[in-house]
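Asker: Okay, sequence plus prediction incoming.
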Amino acid sequence: MERIVIVAYKPLPGKERELKSLMKSHWEILHQEGLVTDRKSIICQSNDGTIIEVFGWKSQEAVEQSHSNENVQKMWKEYSKVCEYVPISEVPESNNLFSEFNPVEFE
């Protein structure tokens with residue numbers, strides 16, 4: 001059964017551009033590895049700069065497989081150099097009844 005997740009990536013100081021660059025291929029890599037559904041990610045940004053991604057893992061098993069997948073681990077290692085993962089509850093807009101975010105435009 002598909003698992004929809006919401007992930008918040010807070011860029012490290014001066015690393016927003018690098019994070020956005022990684023975001024361009026995040027879903028594609030997960031999809032190539034057979035871990036996510038065909039549903040494309042929704043990527044947006046909060047006013048404090050945190051990037052929010054909503055996407056669908058194929059299943060709970062796919063989530064578990066990602067933790068031993070060499071290509072995914074390599075990608076996540078690059079993420080750790082440019083951001084920290086934060087709970088969505090730490091994103092100020094998440095406290096609003098209707099949480100509005102800015103769309104992310106990739107160059």
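Answerer: Perfect, I can see it now. Numbering: from 1, shown residues only.
Asker: hey, let's count contacts and neighbours off CA atoms from now on
Answerer: OK.
Asker: Okay, strands next: where are they in the protein?
Answerer: 3-11, 42-45, 51-57, 83-86, 102-103 (DSSP state E).
Asker: Adding distance to residue 28 as columns, could you present the ones you listed in TSV?
Answerer: Output for those, formatted as TSV (distance: least, Cα to Cα, whole Å):
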stretch	distance to residue 28
strand 3-11	16
strand 42-45	13
strand 51-57	11
strand 83-86	19
strand 102-103	19
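Asker: looking at the ones you listed, which is buried most?
Answerer: Among the strands of the chain, strand 51-57 has the highest mean neighbour count (mean count of other Cα atoms under 10 Å), at a mean of 21.
Asker: And it, what does it pack against?
Answerer: Packing partners of strand 51-57 (3 or more Cα pairs under 8 Å, 6 or more residues apart in numbering; DSSP states H and E): strand 3-11, strand 42-45.
Asker: what about the ones you listed, which gets the closest to residue 69?
Answerer: Closest to residue 69 of the helices and strands packed on strand 51-57, according to Cα to Cα: strand 3-11, at 18.1 Å.
Asker: re the thing from before, ok, which of the strands of the chain comes nearest residue 27?
Answerer: Of all those, strand 51-57 comes closest under Cα to Cα, at 7.9 Å.
Asker: Provide the contact partners of the closest one at residue level.
Answerer: By Cα atoms under 8 Å, 6 or more residues apart in numbering, the list of residues contacting strand 51-57 from outside reads 2-11, 27, 35-37, 39-46, 63.
Asker: and the angle from it to strand 3-11?
Answerer: For strand 51-57 against strand 3-11, the angle by axes from the mean of the first three to the mean of the last three Cα atoms, to 10 degrees is 160 degrees.
Asker: now strand 51-57: how far from the chain's centre is it?
Answerer: Chain-centre distance of strand 51-57: 5 Å, with Cα atoms, centre = their mean, to the nearest Å.
Asker: which residues in the protein form helices?
Answerer: 16-32, 60-66, 70-80 (DSSP state H).
Asker: okay, those helices in TSV with mean neighbour count, distance to residue 88 and mean pLDDT next?
Answerer: Supplementary listing: the helices of the chain in TSV, determined by neighbours: other Cα atoms under 10 Å; distance: least, Cα to Cα, whole Å; pLDDT from 0 to 100:
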stretch	mean neighbour count	distance to residue 88	mean pLDDT
helix 16-32	16	17	95
helix 60-66	14	19	97
helix 70-80	14	17	97
